[in-house]
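In: I would like to see how this sequence folds:
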Amino acid sequence: MKTDDQQVLKTIIVDDEDLARKGLAMRLEEFNNVELVQEACNADEALNLITIHEPDLVFLDIQMPGMTGLEMLSEIQADVLPMIVFVTAYDTFAVEAFKVHAVDYLLKPIENDRLAEAITRASHQRQGRVVSQEKEKLLDLAVSLTGKSHDAISELIGNSETAGYSERLAIKDGSSTTFVPIRDIDWIDAAGDYMCVHVKNETHIMRTTMRELEATLNPVIFQRVHRSTIVNLERITKVSSHINGEYYLTLNCGSKLKMSRSYKEKVKHFF
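Out: Predicted coordinates for the structure are as follows:
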């Protein structure tokens, strides 16, 4: 049974030996986080399949008739280059594999523990790529909403710990005070003279104004998207436009927030 799609490694095997492909394919069935989408018997076929399927991982033989595995990599655009695990009967190409930043280098016949190690490495590397991509999306959104440049936002992020913004929000309730970690806040909306602070499916009420609360929050992370709504940019997973010209933000907690039309120009690059 496969795991969540976000964790599964879409994989292609490239080898001119039919038995080698079949053998590796059978062994990959043992890994729940690997989905074999296609097999290729030469570099030209592999290049076409990589363009179509955009796999996360490719098990690549080095010595093949025509174009070698190393030559094939030079034909792939860097921004769509999948993770590569070289599979070969020779150890003479290890240096070249290192130069092209291969995830691993497996010698035939492949040992079970080495195959498992290679897949674990690929999984960890993919997680790192996803985190990097999410940070980039957050940066783009911050640029869009604040109107600042990428460099300015990056500098603010780098200096966020010394920017003077509190790490906790003190919410008083009668004689008691609840301290909410700022990063845990999903979104905030106004209700008359009170602010509703939504944190992990809980709502905390505090008496303050939108302007006062907004001033205490780091604008790199929190942005006002409506006259009565502040959102944590890190929680946004989707920006949707509707026929009537309005926009809606979907958060990873499931909440769907309306974005004021005055912010329309700031989100145009998402569509």
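
In: going along the chain, name the helices of the stretch 101-250 of the chain.
Out: 112-146, 150-158, 210-216 (DSSP state H, counting those that start in this stretch).

In: mean pLDDT lowest where, among those helices?
Out: Comparing mean pLDDT across these, the weakest is helix 150-158, with a mean of 59.

In: tell me which helix or strand in this structure has the weakest average pLDDT.
Out: When the helices and strands of the chain are compared on mean pLDDT, DSSP states H and E, helix 150-158 comes out lowest with a mean of 59.

In: residue farthest from the centroid of the protein?
Out: Going by CA atoms, centre = their mean, the residue of the chain most distant from its centre is S175, 42.4 Å out.

In: average pLDDT across stretch 90-104?
Out: Rounded mean pLDDT across stretch 90-104 is 77.

In: stretch 54-67 too?
Out: pLDDT averaged over stretch 54-67 gives 93.

In: can you pull the buried residues of it?
Out: For stretch 54-67, burial by neighbour count (16 or more other CB atoms under 10 Å) applies to P55, D56, L57, V58, F59, L60, D61, I62, M64, M67. Placement of C-beta: from N, CA and C, glycine included.

In: go through those residues and say which is closest to L47.
Out: Nearest to L47, judged by CB to CB, of the buried residues of stretch 54-67 is M67 at 8.6 Å.

In: what's near enough to touch the nearest residue to the closest one once chain neighbours are set aside?
Out: Spatially, and ignoring its direct neighbours in sequence, M67 is nearest to A43 (3.7 Å; CB to CB, 6 or more residues apart in numbering). The contact partners of A43, by CB atoms under 8 Å, 6 or more residues apart in numbering, come to V14, M64, G66, M67, T68, G69, E71, M72, E75.

In: which ones among the residues you listed map onto helices?
Out: Among these, the ones falling in helices (DSSP state H) are G69, E71, M72.

In: and the pLDDT for the closest residue to the second one other than its chain neighbours?
Out: What that stands for is E71. Spatially, and ignoring its direct neighbours in sequence, E71 is nearest to A43 (6.9 Å; CB to CB, 6+ apart). For A43, the model assigns a pLDDT of 95.

In: roughly how far does A43 sit from I76?
Out: For A43, the distance to I76 (CB to CB, to the nearest Å) stands at 10 Å.

In: do the same with I185
Out: Distance of I185 to I76, given as CB to CB: 42 Å.

In: tell me which of the two has more neighbours.
Out: The residue with more neighbours, out of I185 and I76, is I185; 22 against 16, by other CB atoms under 10 Å.

In: what's opposite that one in the beta bridge?
Out: Counting by DSSP bridges, I185 is bridged to V199.

In: how far away is it from I52?
Out: 42 Å.

In: same check, this time on E117
Out: Counting by CB to CB - E117 and I52 are separated by 29 Å.

In: with S260 instead?
Out: Taking CB to CB, one finds S260 at 41 Å from I52.
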